[in-house]
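Peer 1: Let me see the structure of the following:
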Amino acid sequence: MESSARQTQASSSVAVKLVGFGGRAPSCVLELIRSGKSHGWVDCVLPPVRSAALGVALLDAPSRMFSCRDDLEEEAKHQQLLVVYCLPTSLSEYWLNGVEEMNQIRAHVMKKKSSENVVVACYYPSEKGFAFPPEDIWAAFTEERLKNMLHSSLLHRLALFDKDAAHHLSERQHSVLVVGSGGREHALAVALAQSPLVGKVICCPGNAGTAMEGGKICNTTTEDLISFIQQHHIDMVVIGPEGPLVDGFVNSVQLHCPQTRVFGPTKEAAQLEASKAFTKDFLKDHNIPTATYENFSNVEEALAYVEKLFDSSSSEVTPRVVVKASGLASGKGVLLPMGKEQTLQAVKQIMQQKQFGSAGDTCVIEEYLEGPEASCLAFCDGKTAKLMPAAQDHKRALDNDEGLNTGGMGAYTPAPCVTPVLHQQIEQMCIQTVQQMARRGTPYVGILYAGVM
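Peer 2: Residues are numbered from 1 along each chain as shown. Okay, the predicted model is just below:
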């Protein structure tokens, strides 16, 4: 195929419409759009449809592209439209967003008599690319045979999703047990109930919110969760709070209910959440970026370290550290002292006065970092990790961040400070963590939390 000859045939004034990419920003999609712009064919990117990450990635230098404000007005102005569509990766995504989006894509493909020249290029997440090379996609605007091949391949893949959905609807729907009583568990229950594969979501103990949901969602209380799982033939257990994970509930389910799937790390893997001291040592051992630190289980040694740290510093530079209870403290076990006296007092509060209970048996004193903070959570299967969009919350109480750290007050996502490039770097850190946990014989399955600054 003579790609250069074909490229000269592609007409100018093409509007681009991005559909269904979610948090993905594949490099091949960006390259397709940027190549169209460099050849003078693309002059407009319509507002992304469920494709926010791609819209942000297109703003990067050197070839920045801004999306239009009014998609209907801009689409009407252009007689040529390139729709770049991301196929769903699961049946759940298909049911939540895919059905409506697929109907829109089919409408574009079937508008044969329209004066608008539409080409739909489908990105396949499982294959991380298009079924056709970029030159064929652009040439499809002038070669009807190529356009028909593109669209025929796309319709075939859409039909496979419809067939798979019909098959699963005829099967037995699954029962899921969500362990926990917070807002996190409420959100998990609602999301799980949206799956066509799930027939019932039982929250134990749940809360007032889950009690009011109705439909597939209900609450229950029991003293013996293992017996409940066995008696009610629970297919999957999802654990929200850190406590049951650290206590080894996943291990118990695996031992006594081997037919039940569990989403959450074992007691051994949950050390990443249960012990800041363990996590700091793990990150250091595997060259994963983390603030410099020291761990202490003896209060006198910790106080001596603080004394030495401040006494040995120059008068021009006053050191500042963060003092943390190593164990679980509901997101509140972090003190941010100013100066030597406050730092000594913070160590005593955690280790002597037990402000955070046994969580303060071990204390972590680490370098104070300044900058925007983001919460990054990744789905992990014991082998690799897939990062969700970053979130930010409001941590410290009182005006001007003068109060104590809280468990987080209000949250929003995506976090603007986490750019697509930074997102990829953080995901690689999570992947490295999961791989190293697997090598040490404690594979991490569940949600991995990374606090990034």
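
Peer 1: residues near residue 358, how many?
Peer 2: Residue 358: 12 surrounding residues under other Cβ atoms under 10 Å. (C-beta placed from N, C-alpha, C; glycine too.)

Peer 1: Excluding chain neighbours, what is closest to residue 55?
Peer 2: Spatial nearest neighbour of residue 55, chain neighbours left out: residue 48 (4.3 Å); criterion: Cβ to Cβ, 6 or more residues apart in numbering.

Peer 1: what's that neighbour sitting at in phi/psi?
Peer 2: Main-chain dihedrals, residue 48, degrees, to the nearest 10: phi -60, psi 140.

Peer 1: Would you check how far apart it and residue 189 are?
Peer 2: Between residue 48 and residue 189 the distance is 30 Å, computed by Cβ to Cβ, to the nearest Å.

Peer 1: Compare the two (neighbour count), which wins?
Peer 2: Between residue 48 and residue 189, counted using other Cβ under 10 Å, the more crowded position is residue 189 (27 against 21).

Peer 1: pLDDT below threshold where in the stretch 351-453 of the chain?
Peer 2: 407-408 (pLDDT under 70).

Peer 1: Need the contact partners of stretch 335-354.
Peer 2: If you take Cβ atoms under 8 Å, 6 or more residues apart in numbering as the criterion, stretch 335-354 is touched by 296, 299, 302-303, 306-307, 310, 318, 320-325, 333, 355-356, 360-361, 363, 365, 368, 396, 404-405.

Peer 1: buried stuff in that stretch?
Peer 2: For stretch 335-354, the buried set under the neighbour-count rule, 16 or more other Cβ atoms under 10 Å, comprises 335, 336, 337, 340, 343, 344, 345, 346, 347, 349, 350, 351.

Peer 1: Kindly export that stretch (C-alpha atoms) in PDB.
Peer 2: Taking C-alpha atoms only, stretch 335-354 is exported to PDB below (Å, rounded to 0.1, in the frame of the first residue of the first chain):
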ATOM      1  CA  LEU A 335       1.200  14.700  63.300                       C
ATOM      2  CA  LEU A 336       2.800  17.700  61.700                       C
ATOM      3  CA  PRO A 337       4.800  19.400  64.400                       C
ATOM      4  CA  MET A 338       6.700  22.700  64.000                       C
ATOM      5  CA  GLY A 339      10.100  22.900  65.700                       C
ATOM      6  CA  LYS A 340      12.000  20.700  68.100                       C
ATOM      7  CA  GLU A 341       9.700  21.000  71.100                       C
ATOM      8  CA  GLN A 342       6.600  20.200  69.100                       C
ATOM      9  CA  THR A 343       8.400  17.200  67.500                       C
ATOM     10  CA  LEU A 344       9.400  15.800  70.800                       C
ATOM     11  CA  GLN A 345       5.900  16.200  72.100                       C
ATOM     12  CA  ALA A 346       4.500  14.500  69.000                       C
ATOM     13  CA  VAL A 347       6.700  11.400  69.600                       C
ATOM     14  CA  LYS A 348       5.500  11.300  73.200                       C
ATOM     15  CA  GLN A 349       1.900  11.600  72.200                       C
ATOM     16  CA  ILE A 350       2.200   8.700  69.900                       C
ATOM     17  CA  MET A 351       4.500   6.400  71.800                       C
ATOM     18  CA  GLN A 352       4.100   7.200  75.500                       C
ATOM     19  CA  GLN A 353       0.600   8.700  75.800                       C
ATOM     20  CA  LYS A 354      -0.800   6.300  73.100                       C
END
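
Peer 1: still on that earlier bit, write a PyMOL command that selects only the buried members of the contacts of stretch 335-354.
Peer 2: To isolate the buried ones among the contacts of stretch 335-354 in PyMOL, judged by 16+ other Cβ under 10 Å, type:
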select buried, resi 296+302+303+306+310+320+321+322+323+324+325+333+355+356+360+363+365+405
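
Peer 1: Which ones among the contacts of stretch 335-354 lie within strands?
Peer 2: 296, 321, 322, 323, 324, 325, 363, 365, 396, 405 (DSSP state E).

Peer 1: Run the chain-centre distance for the helix ranked longest in the chain.
Peer 2: When the chain is parsed with DSSP state H, its longest helix is helix 144-169. Its chain's average C-alpha position is 28 Å from that of helix 144-169, according to Cα atoms, centre = their mean, to the nearest Å.

Peer 1: how about residue 447, phi and psi?
Peer 2: Backbone torsions of residue 447, given as degrees, to the nearest 10, read phi -100, psi 120.

Peer 1: Phi, psi for the closest residue to it other than its chain neighbours please.
Peer 2: Computed as Cβ to Cβ, 6+ apart, the closest residue to residue 447 that is not its neighbour in sequence is residue 377, at 5.4 Å. Residue 377 has phi and psi values of phi -120, psi 140 when expressed as degrees, to the nearest 10.

Peer 1: I'd like the distance between residue 377 and residue 446.
Peer 2: 10 Å.

Peer 1: For the protein, give me the ranges with low pLDDT.
Peer 2: The chain contains residues with pLDDT under 70 at 1-12, 61-63, 66-78, 112-116, 169-170, 314-316, 407-408.
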